[in-house]
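Peer 1: no FASTA, just this:
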């Protein structure tokens, strides 16, 4: 089944976002380690470098990524 899930907040710090993503990854690995899941994150206030660092901190790492795109309106 194809599904898309969104989580939105205007109150998370970089550390909060990292903790949330790690918790999602931990749950994913414990519950369905054989399933393929992609995560898309929009955080316009973060630099590409900060986002890359944050995504690389998630353990175990995803098979693909991190892929960080700069899609800010100019």
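Peer 2: Everything's here; your move. Please read all numbers here as calculations on a predicted model, not as lab measurements. Numbering: from 1, shown residues only.
Peer 1: how about the helices of the chain, start to end?
Peer 2: Secondary structure of the chain (DSSP state H): helices located at 14-31, 48-56.
Peer 1: Tell me the buried residues in the longest one?
Peer 2: When you say that, I think you mean helix 14-31. Buried positions in helix 14-31, judged by neighbour count with 16 or more other C-beta atoms under 10 Å: 17, 18, 21, 25. Glycine gets a C-beta too; all of them are placed from N, C-alpha and C.
Peer 1: Stretch 43-53 now?
Peer 2: Of the residues in stretch 43-53, those buried (16+ other C-beta under 10 Å) are 46, 51.
Peer 1: what's around residue 2, how many residues?
Peer 2: Per other C-beta atoms under 10 Å, the neighbour tally for residue 2 reads 3.
Peer 1: hmm, back to that, with mean pLDDT and distance to residue 3 added, can I get the helices of the chain in TSV?
Peer 2: Shown next, in TSV, are the helices of the chain (pLDDT from 0 to 100; distance: least, C-beta to C-beta, whole Å):
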stretch	mean pLDDT	distance to residue 3
helix 14-31	96	13
helix 48-56	92	21
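Peer 1: per-residue confidence for residue 74?
Peer 2: Looking at residue 74, its pLDDT stands at 52.
Peer 1: ok, back up a step: would you reformat the helices of the chain as JSON lines and include distance to residue 4?
Peer 2: Below are the helices of the chain laid out as JSON lines (distance: least, C-beta to C-beta, whole Å):
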{"stretch": "helix 14-31", "distance to residue 4": "14"}
{"stretch": "helix 48-56", "distance to residue 4": "19"}
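Peer 1: give the contact list for residue 58.
Peer 2: Neighbour list for residue 58: 18, 21, 22, 25 [criterion: C-beta atoms under 8 Å, 6 or more residues apart in numbering].
Peer 1: which of the residues you listed lies closest to residue 46?
Peer 2: Checking these against residue 46 with C-beta to C-beta, the nearest one is residue 18 at 10.8 Å.
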